[in-house]
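K.L.:
pasting the sequence and the predicted model now:
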Amino acid sequence: MLYCPEGVSLSQIWLNHGISECFAASFSSFLLGAFMLIFGTMQIWMYKKYGTVVSITLPQSILYYIQFFLCFLLSALALSRFLLQITLLNPGAIYGYMLAWTGVSVLVYPYSAVLLWLECNYNYLRSTPHKGHGLILLVFWTLNFITENLTLMNLGRHDWWFHPTKLSDQVEMGLFVGRYVACLLLFVIGLRAPGMWHFDRDYFVDGASAYRFLPRNRNSSQGSSSWLGNAYDHMSTLLPFLWPKKSAMLQFNLIVCILLLFIARIINVFVPLYSKYIVDSLKAEPLKFRWDLVVTYVAMKFLQGQGTGGMGLLNNLRSYLWLGIQQYTSREVQVSLFAHLHSLSLNWHLKRKTGEVLRIMDRGTDSINSLLSSLFFSIIPTLIDIIIAVIFFATFFNSWFGAIVFTTMALYLAFTIVITEWRTKFQRSMNLADNACKGRSVDSLLNFETVKYYGAEVYEVEAYKEAILEYQEEEWKSVVSLQLLNTLQNVVISGGLLVGSLYCVYSVTVKQELTAGDYVLFASYLIQLYVPLNWFGTYYRVIQKNFVDMENMLDLLSEEAEILDAPGAMPLAITKGAVEFRNVSFAYTEERLILRNLSFTVPPGKTVALVGPSGSGKSTIIRLLFRFYDVDQGAILVDGQNTKTVRQSSLRRAIGVVPQDTVLFNNTIKFNIEYGGYGRLFAPDADIIEAARLADIHERILSFPDGYNTQVGERGLKLSGGEKQRIAIARTILKQPIVVLLDEATSALDTQTERNIQSALSRVCANRTTIVVAHRLSTIIHADEIIVLKDGEIVERGRHEELLNVGGMYRSMWEAQLKNDDVQASTDNLNAAGDTDES
C-alpha cells in the first residue's frame, strides 16, 4: 500500500498550483495528533494530580452540549468519509495518508471532549473555577480551524472537489462544508466557554469603574499548585494591558513585531538550506564560483544574527519596537495596582506588612517585562521552530529523521516541564521566606528609634539572621533541583544529536541516499535548533519564576475591596453639615462588639466631644464617619444622606481631620500643607501662607534655613510633635472642610504646647460642625455637648457643668485629671527649683 498516490511524494507540498492532498492530510494529522498526545495528555495528568471536583452544579446552556456534539460529529465525519472513499467513491484506492488522517481524527476529537468535560467539572489547581477554557483546548481548536482553512488554497484546482462535476466531488464537497462549519462553531463557542464559570468582578476607584480583574485564589502563593494551572488566568488578566489601546503607533509596532517574528522563522529554515547549497556547489561538476549563494547566506545570517548571540538585524529591530510596548504594559500594570491598593480598606492595610506588600509589588512588576519578552520572543518561537523542523526533516529527508528530532524535542520538553513543575514548591517557599526576610528588615528599620530605646540591636540582628537562614535553606533546595534539571537536559540533547548525526553519516556513506551537503544541513539545522532549545530550559524556568512572582502581585489585584460605592452613588450634597449616628452598631470581629446601638446628633456648626476610657469606641466613631469601615447595623447620616449611598470621595472631601499622630510625607513643608487641598495641589502660595498663619506655624517655618521648602524627613521626624500638629492643622484649614474631626489631636503633646495649639484648633473649628475625641477634658469644657462612652454605649451626655453636677463617670474622670495636673505642677516646680540651686 502506497502512502501517497502514484507519482506524488510527501515532500511535494505545492502541486499543480495548490497544496498536495497527501501533504495537507499528513500535516494536519501529525500536527493535531502530536499536540493532543503531548499537551493534552499532560493536562489530563495535571487534572488527575491537582484537580478537585466542582462542588456547585452550574446550569448548562444548549451551547455546552453543542460543544460535545461537534467533537463527536467531526470524528464521525472523518470515519464516514473514509468508508465512503473505499466503498463507493473510489473503491480499492486506499493510501497511507488516508488511514493516518482518519485514525487521528477519530481519536483526537473524542480526546478533546474528555478534556472539555474535565475543565467544566473540575477545579484546576485553584480554589475557584477558572475563567474560560484552558490554553490547550483553545490552541487545539485554533490549529484545527487553521488546518481546515488550508484546503481553501485549492479552490482553483480541478482535481479537488471544489468544482463538483460528479457524485464523488459532490459528496466530498458536502463533507468538507460540514467539517468546516463544525470547526468554525467549535472555535467560536470555545471562545465563549458556555460550560465554564465566569467570575469577572468590578473594582471601583473614586466611585468610577476603573479596572476589571479576574479573582483567583488569594492564597495561591502558599499552595502547592503548579504555575501552569494559573498561567492562563495570569495571561488573561494581563491581556488588556498588552494591547496599547491608547497609542496607534504602539499598536502598529506590535503588529510589526509579530511580522518580524514570522519572518525570522522562515529565515531559520533557509540558513541551513543555503549551507547545503554552498557545500554541494563545491562538489558539483563543473565547479562554479557561486558567489550568489555565499552572499545570500551571509545576508540571511546578518538578519538572523545567531552568530552574534542571537541579536541580528531582525532581533534588534524587534527589540527597538518592543521597548515602547513593554514600557506601556509595565506602566499600566503598576498604575492599576497602585490604584487598586488605594481602593482597599483600612482593615486590609492594617493586616498587611507594608514592606512585604512593596516587595511583592517590585518583584511582580519586574517579572512582567521579563515574562513577556521570554514568552513571546523565546518560548513561542522555539516551539514553532521545533514543529517546523520535524515537518522539514520528515519531508525533505525521511520519516526517521523527523522521528529523531520529534523524540528528542518531546523528551526535552517533557523533562523540563515535569521537573520544573516539581520545583515550583521550592520556588514558592523561597519567595515566602524572601518576603518574610525583607519584611523583617523593613519593620526593624522603620522602628529604628524603638530598637535604640530598648537596646534591642542584638535581638534584631539575630532575628534577621534567622530569617536569612530560613531563606537560604529554601534557596538551596531550589538550586539543587535546578542542577538536576540541567543535567537531564544535557543528556537528552547530547543523545539526540549523537543518534541523528550517526544516522545521517550512515545515510551519506553506506546507503548513499544523502550528500555531504545534506549532512551539513542536518548538523547545522540541529545545532541552530539546539541553541534556542538549550535556552528554552532557562527561559522556561525564568517564566516559571516570573509567574510565581507575578502570582503574588496578581493576588494583590484579586483582593476584593470591602468598601465600595453603591451602584449609582451620587456625590454628597452639603447644605449645613449636620451629622447623625442613628442606632449604629459595629464590631471589628465577631467576638467583641465595639459600638452598641449608638445614637447622637451633631447640629450644624456645633461641637460635640467624645470622652471615655480606652476601648470605649471613640476613635472607631471617627473611622466610621470617614467610612473606613461600614456599620453592621444602623446608619450614619450627613445632612440626611446615608454615607453608604454617596460617593466616598465626596464624603471625605467634606471632612477634615487632625489625628493624634500626624504622619507627614517625606517632602517639603509646603507640599505637606498644600496636600490638604485634596485634588488641587499647587495651591496658591498666598493660600498656603494664610493657612500656616491661622495654624500659628508661619513664623516658625520662616525660621528654618529653607523656609517652606524645608524637608521634613521620613514621617516628619525632623520636626517636633507640636510642629507636626500645626502643619496638620494648616492643611486641614486649606482643605476648608464642612465637618472637622479632632482625634485626640493634642494628647501626645506636653501641657504648654497643647495650650499654644488650642487657639489654632479653635480657628479650624469656627463655624464648622466639629467632633472632638478628647483625652484631656480641659480641652473640651466649651463643647456644646459632651458624650461619655463606656463599652460602646453612651452612659452620660450634656454640657461640662451639667455633667459635673450629675456626679457620675465624667465627674470622676475630671477629678482624676485635676489630681494628675496638681502632681505634674508640683513636679515641674521641684525641677525648676533644682535648676535654680544648681545655678
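P.N.:
The structure has been received and is ready for your questions.
K.L.:
need the contact list for Lys545.
P.N.:
Lys545 makes contact with 367, 427, according to C-beta atoms under 8 Å, 6 or more residues apart in numbering. (Each C-beta comes from the backbone N, C-alpha and C, glycine too.)
K.L.:
secondary structure element for it?
P.N.:
Per DSSP states H and E, Lys545 falls inside helix 516-558.
K.L.:
and Thr770, by the same measure?
P.N.:
Per DSSP H and E, Thr770 falls inside strand 769-773.
K.L.:
note down every partner strand of that strand and its orientation.
P.N.:
Its sheet considered, strand 769-773 pairs with strand 607-611 (parallel), strand 739-743 (parallel) by DSSP bridges.
K.L.:
which stretch in those has the least confidence?
P.N.:
For those, mean pLDDT drops lowest on strand 739-743, to a mean of 87.
K.L.:
list of residues touching that strand?
P.N.:
Identification of contacts with strand 739-743 by C-beta under 8 Å, 6+ apart yields 577, 579, 619, 622, 625-626, 638, 654-660, 732, 761, 764-765, 768-774.
K.L.:
helices of the stretch 551-700 of the chain, start to end?
P.N.:
618-625, 648-653, 669-674, 685-694, 698-702 (DSSP state H, counting those that start in this stretch).
K.L.:
quick one: average confidence on the longest one?
P.N.:
The reference is to helix 685-694. In this model, helix 685-694 has an average pLDDT of 86.
K.L.:
send the alpha carbons of that helix over as CSV?
P.N.:
Output of helix 685-694 as CSV, limited to C-alpha atoms (Å, rounded to 0.1, in the frame of the first residue of the first chain):
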residue,chain,number,x,y,z
ASP,A,685,1.3,80.4,47.8
ALA,A,686,-1.0,83.0,49.4
ASP,A,687,-3.5,80.3,50.5
ILE,A,688,-0.7,78.2,51.9
ILE,A,689,0.8,81.0,53.9
GLU,A,690,-2.6,82.1,55.2
ALA,A,691,-3.3,78.5,56.4
ALA,A,692,0.1,78.4,58.1
ARG,A,693,-0.7,81.8,59.8
LEU,A,694,-4.0,80.5,61.1
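K.L.:
any buried residues in it, and which?
P.N.:
Under the neighbour-count criterion of 16 or more other C-beta atoms under 10 Å, helix 685-694 has 687-689, 691-692, 694 buried.
K.L.:
report the rounded mean pLDDT for the helix or strand where Asn315 lies.
P.N.:
Following DSSP H and E, one finds Asn315 within helix 313-343. Regarding helix 313-343, the rounded mean pLDDT is 84.
K.L.:
just checking, what packs against it?
P.N.:
Judged by 3 or more C-beta pairs under 8 Å, 6 or more residues apart in numbering; DSSP states H and E, the packing partners of helix 313-343 are strand 201-205, strand 208-213, helix 227-242, helix 248-281, helix 291-304, helix 354-374, helix 516-558.
K.L.:
how about whichever helix or strand comes after that helix: buried residues?
P.N.:
Per DSSP H and E, the first helix or strand lying C-terminal to helix 313-343 is helix 346-351. For helix 346-351, a neighbour-count test (16+ other C-beta under 10 Å) marks Trp348 as buried.
K.L.:
which stretches of the stretch 551-700 of the chain have low pLDDT?
P.N.:
Under the criterion pLDDT under 70, the flagged ranges of the stretch 551-700 of the chain are 678-682.
K.L.:
repeat that with 80
P.N.:
Applying pLDDT under 80 to the stretch 551-700 of the chain picks out residues 551-552, 554-555, 557-562, 591, 660-663, 676-683.
K.L.:
do the stretch 251-400 of the chain as well
P.N.:
For the stretch 251-400 of the chain (pLDDT under 80), the answer is 284-285, 305-311, 345-356, 359, 365-366, 368-375, 394-396, 398-399.
K.L.:
ok, 70 please
P.N.:
306-311.
K.L.:
also the stretch 51-200 of the chain?
P.N.:
51-61, 92, 122-132, 155-165, 195-200.
K.L.:
and the nearest residue to Tyr588 once chain neighbours are set aside, what is it in contact with?
P.N.:
What sits nearest to Tyr588 in space, not counting adjacent residues and going by C-beta to C-beta, 6 or more residues apart in numbering, is Ile594, at 6.2 Å. Taking C-beta under 8 Å, 6+ apart, we find Ile594 in contact with 586-588, 617, 620, 792.
K.L.:
same check, this time on Asn149
P.N.:
Asn149 touches nothing, counting by C-beta under 8 Å, 6+ apart.
K.L.:
can you check Ile391 too?
P.N.:
Ile391 neighbours (C-beta under 8 Å, 6+ apart): 27, 30, 402.
K.L.:
got the domain ranges for the protein?
P.N.:
Annotated domains of the chain cover 14-192, 242-351, 398-553, 579-834 [the TED database].
K.L.:
with distance to Leu371 added, can I get those domains in TSV?
P.N.:
Shown next, in TSV, are the domains of the chain (distance: least, C-beta to C-beta, whole Å):
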stretch	distance to Leu371
domain 14-192	15
domain 242-351	10
domain 398-553	4
domain 579-834	32
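K.L.:
wait, which of these is closest to Ala566?
P.N.:
With C-beta to C-beta as the measure, domain 579-834 is the member of these nearest Ala566 (5.3 Å).
K.L.:
any idea how far that closest one is from the chain center?
P.N.:
Here the centre of domain 579-834 is set off from its chain's centre by 39 Å, with C-alpha atoms, centre = their mean, to the nearest Å.
K.L.:
helices and strands around the longest helix along the chain, which ones?
P.N.:
Taking DSSP state H as the criterion, the chain has its longest helix at helix 457-509. Taking 3+ C-beta pairs under 8 Å, 6+ apart as contact, the helices and strands that helix 457-509 lies on are helix 399-446, helix 516-558.
K.L.:
if you compare the directions of it and helix 399-446, what angle comes out?
P.N.:
Going by axes from the mean of the first three to the mean of the last three C-alpha atoms, to 10 degrees, helix 457-509 is angled at 170 degrees with respect to helix 399-446.
K.L.:
mean confidence score for helix 457-509?
P.N.:
If you average the pLDDT over helix 457-509, you get 87.
K.L.:
for Asp630, what are its contacts?
P.N.:
Counting by C-beta under 8 Å, 6+ apart, the residues that Asp630 touches are 562-563, 644.
K.L.:
from Glu590, how far off is it?
P.N.:
15 Å (C-beta to C-beta, to the nearest Å).
K.L.:
what do you get for Met813?
P.N.:
Separation of Met813 from Glu590 (C-beta to C-beta) stands at 31 Å.
K.L.:
who has more neighbours out of those two?
P.N.:
Using other C-beta atoms under 10 Å, the more surrounded residue of Met813 and Glu590 is Met813, with 16 against 7.
K.L.:
one step back: out of the helices of the stretch 551-700 of the chain, which is the most enclosed?
P.N.:
helix 669-674 (a mean of 24; mean count of other C-beta atoms under 10 Å).
K.L.:
list of residues touching that one?
P.N.:
By C-beta under 8 Å, 6+ apart, the residues outside helix 669-674 that reach it are 664-665, 681-683, 688, 691-692, 701, 704, 707-710, 712, 716, 727, 730-731, 734.
K.L.:
rerun that using 6 Å as the cut-off
P.N.:
664-665, 681, 683, 688, 701, 708, 710, 727, 730-731 (C-beta atoms under 6 Å, 6 or more residues apart in numbering).
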